[in-house]
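1. what follows is a predicted structure for the sequence shown.
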Amino acid sequence: MRASERPILVLGGTAEARGLAKMLVEQGYRVISSLAGRTSDPIRIAGETRVGGFGGQQGLADYIRSNGTAILIDATHPFATQISDNAIAAAEATGIPFARLERPAWLPRPGDIWTSVADGSAAARAIPSKARVLLALGRQHLAPFSRRNDVHFIVRMIDPPDAPLDLMDFELELSKPGNFDDEVALLSKKRISHIVCRNSGGSQSYAKLRAAREQSIPVIMIERPQRPAIATLPDIGAILSFVAEAMPQPGLKL
Ligand code: NAP
């Protein structure tokens, strides 16, 4: 394989990963973006794409060796921990340059009323009785709330769920997050008393937190899982610099 054909493997599934792939392709790098395959119709990504698990750490290391991957970038979601652990192990086993792109977590600002909790179960316990709670979580994260029959949940989703939700007292709110005025209106219209969400970071879903601050609504914030802070960089610019140092001209070094 010629050096110029050696790809950068971007473990993706996030907006940042898509943005990174686009920038790298524009700079002339060969990029393979890897998706877990959870979404049936994923957004188009610049460069090449592969879909599905690798088969654990060993599978990922084998993949890296077999296609001559030059650099590994883990740009997966802050709450996706298994693939990140696998990436660290596979980079170590193969010895290729490795970095993780992770958007910084949100931090409370003056006026915010946040309770930080470690996981969904702790969030469910932190909700007071008779609360009206906006559950701003994905469908797969609702299980810890299924036994609270003394709380009314407003479950926000973009698309209707494909199976009934296992919650006792709830209504569905089918809408897209992201617009501040819409979030303010939703909190008022539904008389929301609390919000439960995950500390995903980024600007896309921050509007609900601004709206909560404005209306003095408490937020139960599920914090990110603990993970090793190995080679973690906060934004695309920092990753581009890392790549440029490891491979100054696309494909010519390494
Ligand atoms: P996870 O628990 O860390 O990973 C479970 C398994 O799925 C991994 O061991 C791996 O299988 C496979 N996998 C995960 N990400 C992959 C990728 N980018 N390419 C190839 N295989 C991948 O991950 P998760 O939380 O289920 O998240 C799955 C994907 O959705 C990630 O790409 C993530 O960026 C994205 N996402 C996750 C969240 C979230 O809240 N967790 C939110 C938005 C987007 P093998 O061991 O077989 O390789």
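-> Okay, I see it. Numbers count the residues shown, from 1 in each chain.
2. what sits against residue 83?
-> 11, 36, 74, 76 (CB atoms under 8 Å, 6 or more residues apart in numbering). Every C-beta, even on glycine, is put in place using the N, C-alpha and C of the backbone.
3. enumerate the residues of this structure near the ligand.
-> Counting by CB under 6 Å from any ligand atom, the chain comes close to the ligand at 11-14, 34-36, 38, 53-56, 59-60, 76-77, 79-83, 86.
4. and those, which of them are buried?
-> 11-14, 34-36, 54, 60, 76-77, 80, 83, 86 (16 or more other CB atoms under 10 Å).
5. of those, which is the nearest to the ligand?
-> Of all those, residue 13 has the smallest distance to the ligand: 2.5 Å, by CB to the nearest ligand atom.
6. checking my notes, that closest one in a strand, right?
-> No: in this structure, residue 13 is coil, not part of a strand, as judged by DSSP: H, G, I helix; E, B strand; the rest coil.
7. follow-up on the earlier one: inside strands: which ones of the buried ones among the residues of the chain next to the ligand?
-> Under the assignment DSSP state E, these contribute 11, 34-35 to strands.
8. need those in CSV (columns: distance to residue 223 and pLDDT).
-> Formatted as CSV, these follow (distance: CB to CB, whole Å; pLDDT from 0 to 100):
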residue, distance to residue 223, pLDDT
11, 22, 98
34, 26, 98
35, 26, 97
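9. and the contacts of residue 83, which two are furthest apart?
-> Taking CB to CB as the measure, these reach their widest spread between 36 and 74, a distance of 12.7 Å.
10. and the helices in the chain?
-> 15-26, 56-66, 82-94, 120-126, 180-189, 207-214, 236-246 (DSSP state H).
11. residues contacting the fifth one, please?
-> Outside helix 180-189, the residues that touch it by CB under 8 Å, 6+ apart are 134, 156, 173, 175, 177, 192, 195, 207-208, 210-212, 214-215, 217.
12. closest one of the residues you listed to the ligand?
-> So of those, ranked by how close each gets to the ligand (CB to the nearest ligand atom), first place is residue 177, at 13.3 Å.
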